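Visitor: Sharing a sequence plus its predicted fold:
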Amino acid sequence: MPTNQQIVLESRPTGEANTSNFKLVEVATPELQDGHVLVRHHFLSLDPYMRGRMNESKSYAQPQPLGEVMIGGTVGEVIESRHPKFKAGDQVVGMGGWQNYSVVDGNQFGALRKVDTTHVPLSHYLGAVGMPGVTAWYGLCKIIEPKAGQTVTVSAASGAVGSAYGALAKARGCRVVGIAGGADKCAYVVNELGFDDCIDYKQHKDALSLAKALKVACPNGIDGHFENVGGMVLDAVMLRTNAFARIAVCGMIAGYDGAPLPMANPALILVNRLKVQGFIVSEHMEVWPEALTELGTLVATGKLRPRESVAQGLAAAPEAFLGLLKGKNFGKQLVKLV
């Protein structure tokens, strides 16, 4: 069995996370038991939710245990199998964590899924045709439920979730406006992803200024919004919402370092009779097959062209992750492990 490198959570952050919270270790890979599968990871997914897991405070999921491999989605290749459903060479997606290899119980429901890379690149199963894509699909289709002609918005529009959301919303006949950080990201959102408009939040010093830009981009108001960021962005969007608008709350990356995120105008929830709903996509596994089918078709037909930021090698994961939390990535953040 191969020697394995892993990154474990060494300590919990106090305020902002840093590289000292992680530790690179080398361990022996356990021998395969009956029903087990050895997977060599090709790509590791880095996602904002991981920052919340690093804290010990109460959240929607159990904290990441200290001294254990950091949680994370992976895609790779079966190297050896003692399970009848998997064979060497199969390409698979799972939650292998921050390591080069994983030994997976093939009988555990949902632990490992074979994927077809004929029309969809392997790495996209961690992004547009994976958890981020399904996250966008659920928020749009099950919470926002837009009608053709309505205006919908999304923060972090150039990222893995935002880009999928745009393609899904355009397929439903919506006017889609993104919010992203930087001129390059906004150009990509409009020119490559096909959004109707995109606002660079970095050009606005406060929510009122951003709301004025949203008024221009969304002349008929906002009917649905997908929130990844919180803070000033959410405050600005709420100022432009129509009556009975729906807001799907997926992430609050502006507050992942532990600082409270006050809402400037909570009375708007009542005034505009807003539906504001948070969700965790792993609690809705029943929609994954339908969502993945649509997302795979969008990628295969070129209607969704997701961008990726790729760090090289497992040791680069902590820096890449910290960069993701500061918006340094462009598109889906991955670590290439082979």
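Guide: Looks like it arrived, so ask away.

Visitor: what comes into contact with the helix or strand bottoming out on mean pLDDT in the chain?
Guide: The least trusted helix or strand in the chain, going by mean pLDDT, DSSP states H and E, turns out to be helix 49-54, with a mean of 91. Around helix 49-54, the neighbours that count as contacts under Cβ atoms under 8 Å, 6 or more residues apart in numbering are 9, 12-13, 17, 21, 59, 61-64, 70-72, 251, 253, 256-257, 321, 325. Heads up, the C-betas are built off the backbone N, CA and C, glycines and all.

Visitor: Name the residues of it that come out as buried.
Guide: Neighbour counts using 16 or more other Cβ atoms under 10 Å place Tyr49, Met50, Arg51, Gly52, Arg53, Met54 of helix 49-54 among the buried residues.

Visitor: same check, this time on stretch 265-274
Guide: Counting neighbours by 16+ other Cβ under 10 Å, one finds that the buried residues in stretch 265-274 are Leu268, Asn272, Leu274.

Visitor: What's the mean pLDDT across that stretch?
Guide: For stretch 265-274, mean pLDDT rounds to 97.

Visitor: start to end distance for that stretch?
Guide: By Cα to Cα, to the nearest Å, the extent of stretch 265-274 from end to end equals 12 Å.

Visitor: now that stretch, how far from the centre of its chain.
Guide: Per Cα atoms, centre = their mean, to the nearest Å, the displacement of stretch 265-274 from the mean C-alpha position of its chain is 28 Å.

Visitor: Going by distance to Cys141, which of the buried residues of helix 49-54 wins?
Guide: Tyr49 (20.5 Å; Cβ to Cβ).

Visitor: so how far is Asn4 from the closest one?
Guide: 24 Å (Cβ to Cβ, to the nearest Å).

Visitor: same thing with Tyr125?
Guide: 22 Å.

Visitor: How are the strands of the stretch 151-300 of the chain distributed by residue range?
Guide: Secondary structure of the stretch 151-300 of the chain (DSSP state E, counting those that start in this stretch): strands at 151-155, 175-180, 197-200, 222-227, 241-249, 275-278.

Visitor: Would you mind giving those strands as a markdown table with distance to Gln91 and mean neighbour count added?
Guide: Compiled in a markdown table, the strands of the stretch 151-300 of the chain are given as follows (distance: least, Cβ to Cβ, whole Å; neighbours: other Cβ atoms under 10 Å):
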| stretch | distance to Gln91 | mean neighbour count |
| --- | --- | --- |
| strand 151-155 | 30 | 30 |
| strand 175-180 | 31 | 28 |
| strand 197-200 | 34 | 22 |
| strand 222-227 | 30 | 26 |
| strand 241-249 | 31 | 19 |
| strand 275-278 | 33 | 15 |
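
Visitor: Using TSV, please lay out these together with distance to Pro132.
Guide: Below are the strands of the stretch 151-300 of the chain laid out as TSV (distance: least, Cβ to Cβ, whole Å):
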stretch	distance to Pro132
strand 151-155	12
strand 175-180	15
strand 197-200	18
strand 222-227	12
strand 241-249	14
strand 275-278	17
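
Visitor: which stretches of this structure form helices?
Guide: 49-54, 131-138, 160-171, 183-191, 207-217, 232-240, 267-271, 288-300, 317-325 (DSSP state H).

Visitor: buried residues in the last one?
Guide: To tie it back to what came earlier, the one meant is helix 317-325. Buried residues in helix 317-325 (16+ other Cβ under 10 Å): Ala317, Pro318, Ala320, Phe321, Leu322, Leu324, Leu325.

Visitor: Quick check: of those residues, which lies closest to Gly133?
Guide: So of those, ranked by how close each gets to Gly133 (Cβ to Cβ), first place is Leu324, at 17.2 Å.

Visitor: list the contacts for that closest one?
Guide: Applying Cβ under 8 Å, 6+ apart, the residues near Leu324 are Leu46, Asp47, Pro48, Gln333.

Visitor: and if we set it to 6 Å?
Guide: Leu46, Gln333 (Cβ atoms under 6 Å, 6 or more residues apart in numbering).

Visitor: Kindly report the same for Val233.
Guide: Val233 sits in contact with Ser155, Ile179, where contact means Cβ under 6 Å, 6+ apart.

Visitor: Go again with 7 Å.
Guide: Going by Cβ atoms under 7 Å, 6 or more residues apart in numbering, Val233 touches Ser155, Ile179, Tyr201, Leu210.

Visitor: just to revisit the earlier point, output the buried residues of helix 317-325 as TSV; include the columns pLDDT and distance to Ile79.
Guide: As requested, the buried residues of helix 317-325 are exported to TSV (pLDDT from 0 to 100; distance: Cβ to Cβ, whole Å):
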residue	pLDDT	distance to Ile79
Ala317	98	21
Pro318	98	26
Ala320	97	25
Phe321	97	26
Leu322	95	31
Leu324	93	29
Leu325	90	32
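
Visitor: Break this structure into its domains for me.
Guide: 3-127+307-336, 131-282 (automatic domain parsing).

Visitor: Rebuild those as CSV, extending it with distance to Gly296.
Guide: Compiled in CSV, those are given as follows (distance: least, Cβ to Cβ, whole Å):
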stretch, distance to Gly296
domain 3-127+307-336, 6
domain 131-282, 9
